[in-house]
Structure formats: C-alpha cells, structure tokens
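Asks: With the input below, show me the fold.
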Amino acid sequence: MALVQSFGAAEVVTGSCHLLQLENGLKIMVDCGMFQGHEEHKNYQPFGFDPKEVDMLLITHAHLDHVGRIPKLVKEGFHGRIITLHSTLDLAEVVLLDSAHLMEEDYRTRFKKAQRRGKEDKVKAPLYTVDDVYDVYNLPLVYAKYEEEITLGKDVTAVFHNAGHILDSAIIEIHYTENGEKKTIVFSGDLGNHNDMVMPVPDTIKQADTLYIESTYGDRNHEGIKQSEEEFKQIITDTLLSQGNVLIPSFAIERTQEILCILKTMYDNKTLPPCKIYLDSPMAIRATRLYDSYHEELSKCCNDYLKRDGSIFEFPYVHYTLTPDESKKINDENGCIIIAGSGMCTGGRILHHFKNRIWNPKNAVLFVGYQARGTLGRRMIEGAKTVKIYHEEIVVNARVHSISGFSAHADQSELLEWIKDFEKLNKIFLVHGEKDVQEVFRDVIHEKLEKKAHIVKEGEKIWL
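Replies: The predicted structure follows:
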C-alpha cells in the first residue's frame, strides 16, 4: 500500500513537507518548506526521513513555508529531480537567496556579539548559505506546465493545475497503479482566494481517491472584497490626509502585487491623495518584475494594465528602494505609504520602519496577510500595547488594522465549494492549518458535505 507522512504543516500552517512512498518503492516529496512563528525551532531538527532516499521533489509554489528547507534537504543528501513550473523555480530562487542572506547576516551579528562575551562557540550556524541555494539549482530540474502529464516512474504520473494562490502556484495530482488498480492522490497546495485581483480562480479537480487539502482559513470566511477594498482605501486616505504614514508589512510574492494594483486603481480614479509609495523590499521588487515577465499567468486586469502602461504595477507615485541607504532616507518622509517585508514582521526592513514610526498616533499599520502564532504581526493584531524591536521596548500608538479580504488563501466557503466540485472523492486529510481551526473545518465538512476528514499529525503514517 502507498504511504504518506507529513513532516511539516501538520496541525500547524507552515513547514509544508509531505512524503509519498509508493508500493514500488518510489519516494516522492511534495514541498519542503520552512517553519515560521512558534515552530521556527523545528527548522534545525532532523527531517524524520533520510533525504538521500527521496527520489524526487515536487513543488506547489514558491512561498518560504513551501520551499524554505530545500537547501537543507540538498545539504543532507537529496540528489533527485526537482519538478515544478518554470516561474516557481525563478521565484523560489529569489525567496531562498533572500532567506540565506538574512540568515548569514543574522549569524554574523550574533557571532560578533558572542565574541565579546567569549561565547562564539555557542552561536548556531545558519540553516544554509547562499552557496547552498546555488547547489539546489545544480540538481536535475524538470519544468512542468499546467495540464501536461509528467512521468515520474513506471505507471506513475503527475499533473499540475493552477491553484490561483500566487504566480504559477499549483495543485498537484499524482496518478499511480497499485495491484493493477489506478489511483489518484491530490495535494491542494495553497488554494487562492476567488476575489484576488492578480490571480485567476483555482482550477477544479473532478476525481481523486485521496485529497490532502490546506485549511489555513478553514474556520472562517473573509470579508467581502468590496468591503475590504473600501476599508483599505479609507485607511489610506484618512492617514495620508492627516499627514500620517501607512506602514504595510507585506509578503513579497502576490500580496505586494495586489496592493500595488489597488493603489494604481486609486491613482487612476484620482482617489489616492498625492504621496510617495515606497516598495522597500529588494525581494518584493524582484518578485514584482517576475510577475511582469510571466504576465500570461495573471488576470485580465493585470494584462490590461500591461498593454496600457507597459508595466502592470508601476505608476508615478511608486518608488523602488533597493539599497539600505535608500531605505533609511524614508525616515525623513511624511505622508507616505511604506510597503516592506517581512509579511509577518519576523525580520526585514519593516522592523526599522516600526521602530521609527509605530509610537506616533498619526501613523497606521495595515496588515493584509496571515500572521502565524508567535510572530510580531500576530501580537500586534491581537492588541499588544508595546513590542520589542531590536532589544528596545516600543509603545504601539499607531492605529493597527487587519483586513482579511486580501488573503491569498481561500476561506472556508471557498474551500468547501472546491471540495464539493469533486465527483468522486474517498478520503480527505487536513494539513496546513492550526489544530483548532482544523477541528472546526473537519466538523463543517462532515456537516455540510457529509464526508469525513482526518487531521494529519506530524510524522503520522497514513496508509492509502
């Protein structure tokens, strides 16, 4: 019998890592992502399997929690094929290099401080380096295309479908034969929100014996997109007209691009007060340029902008700040919008802007994405009065807003509708969600779809 074990994203959202072992001995891994928030310490722990024995790695999309441990996998002996969409590998390179740079920089800082205490031998080395990232791209790379069958082994094939989550995100459908019987397992990856301005809606799948489905927002429905946009525009307008600054911690991939689209629409409609918009994230700048390059995969709205302006996301108010010096100069600006990473405020330039501005009641912090437990972002949206940034306790006087309608994840009703479209579906397994959220989603699936769903535990052996 086929066996699946999840070594991440089991009763937590992050760390996606699923290993499928077929009866013929073929071992197929789907994603190898980084843990974030409370689970971050797990990144340094053993995988729970031998990377040398994995035959191939299939990647659903390029977010850090789906690709962030791939260099570690390669360091520890994986030498098989990597199979995914072309732009996913391009985006993953941006994400992984940024991750490696941050870890190396953090290591140098901690090492220097430890040297002064004579404790440099206690400093943990980076999970991986820039050179380790380049080693990933020296492995055999196989570029998938949507709806095209790829042979993985004897009587084993895979098909990638559009998940509508970020650029070239995928639902992965794996077909295999067991005891002469054809079977199908589907890994949803992260499914997109149907109201996304940038991405198309997720493809539907009609048949599967087994489904591994994300459950990030399995306990709730997002605000309506129109309501979310109106709330977003009101916060932006009110803050700018009060000579305040809007700080937007934003994920470099997809969320940044959607925010730029909304601001561009406001600019076109003359509803955006004159201001400077700083995209203060080298990673987000590189990702935005990749979105332009792969525009065929985006929505009609994006392609209309491209035809009209020669760029989907740029307009006169937008300024790209690549260097640290350019970033520091933003401190002298007032009445501006600052979009900076990281999206969950676990590092990056947004922390510098928080340090300089969240104590000022004229300013606003606008969260437009998921905030994992244990992150600074989660503490702020839960009402923290003070936060520690760079070892300094800072009062939070700025207005803090969280808008869920911009999520790149499907909400409960969209997940249910997607499952409902299956004409044949035998087993459902819930991954990529916090346990209490999954319990709600499991019960709703049983109540509304009359199907049983199982919450996957980390390392649990599930025989199909």
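Asks: and residue 254, what does it touch?
Replies: 165-167, 196, 198-199, 408 (CB atoms under 8 Å, 6 or more residues apart in numbering). No exception for glycine: its C-beta is placed from N, CA and C like everyone else's.
Asks: Okay, and which of those map to helices?
Replies: The subset of the contacts of residue 254 located in helices under the criterion DSSP state H is empty.
Asks: Would you tell me which one of those residues comes nearest to residue 118?
Replies: Closest to residue 118 out of the contacts of residue 254 is residue 166 (45.4 Å), distances taken as CB to CB.
Asks: Torsion angles phi and psi at the closest one?
Replies: Note on residue 166: backbone dihedrals following degrees, to the nearest 10 are phi -140, psi -180.
Asks: doesn't residue 369 make contact with it?
Replies: No: the pair residue 166 / residue 369 is not scored as a contact, 11.5 Å apart, by CB atoms under 8 Å.
Asks: hey, what's in contact with both of these two?
Replies: Common neighbours of residue 166 and residue 369 (CB under 8 Å, 6+ apart) are residue 408.
Asks: quick one, what contacts residue 366?
Replies: 232, 235-236, 246-248, 401, 403.
Asks: The same query, at a cut-off of 6 Å, please.
Replies: 235, 246, 248, 401 (CB atoms under 6 Å, 6 or more residues apart in numbering).
Asks: swap in residue 78?
Replies: Counting by CB under 6 Å, 6+ apart, residue 78 touches 51, 54.
Asks: how does it look with 8 Å?
Replies: With contact set as CB under 8 Å, 6+ apart, residue 78 has these partners: 51-52, 54, 57, 139.
Asks: Can you tell me what sits against whatever helix or strand residue 72 lives in?
Replies: Secondary structure from DSSP states H and E places residue 72 in helix 70-75. The contact list for helix 70-75 (CB under 8 Å, 6+ apart) reads 29, 32, 43, 47, 51, 54, 57, 59, 82, 92, 96, 100, 127-128, 132-133, 135-136, 139.
Asks: if we can go back for a sec, quick one: which of the contacts of residue 78 is most hemmed in?
Replies: Most neighbours among those, by other CB atoms under 10 Å: residue 57, with 25 neighbours.
Asks: gap between it and residue 83?
Replies: Distance of residue 57 to residue 83, computed by CB to CB, to the nearest Å: 7 Å.
Asks: Tell me how many other residues crowd the nearest residue to residue 31 once chain neighbours are set aside.
Replies: Among residues not flanking residue 31 along the chain, residue 16 sits closest, at 4.0 Å (CB to CB, 6 or more residues apart in numbering). As a burial measure, residue 16 scores 33 neighbours (other CB under 10 Å).
Asks: Ok, the one 4 residues further on next?
Replies: The burial count assigned to residue 20 is 24, neighbours taken as other CB under 10 Å.
Asks: Could you pull up the contacting residues of it?
Replies: Counting by CB under 8 Å, 6+ apart, residue 20 has contacts 2-4, 27-30, 174, 185.
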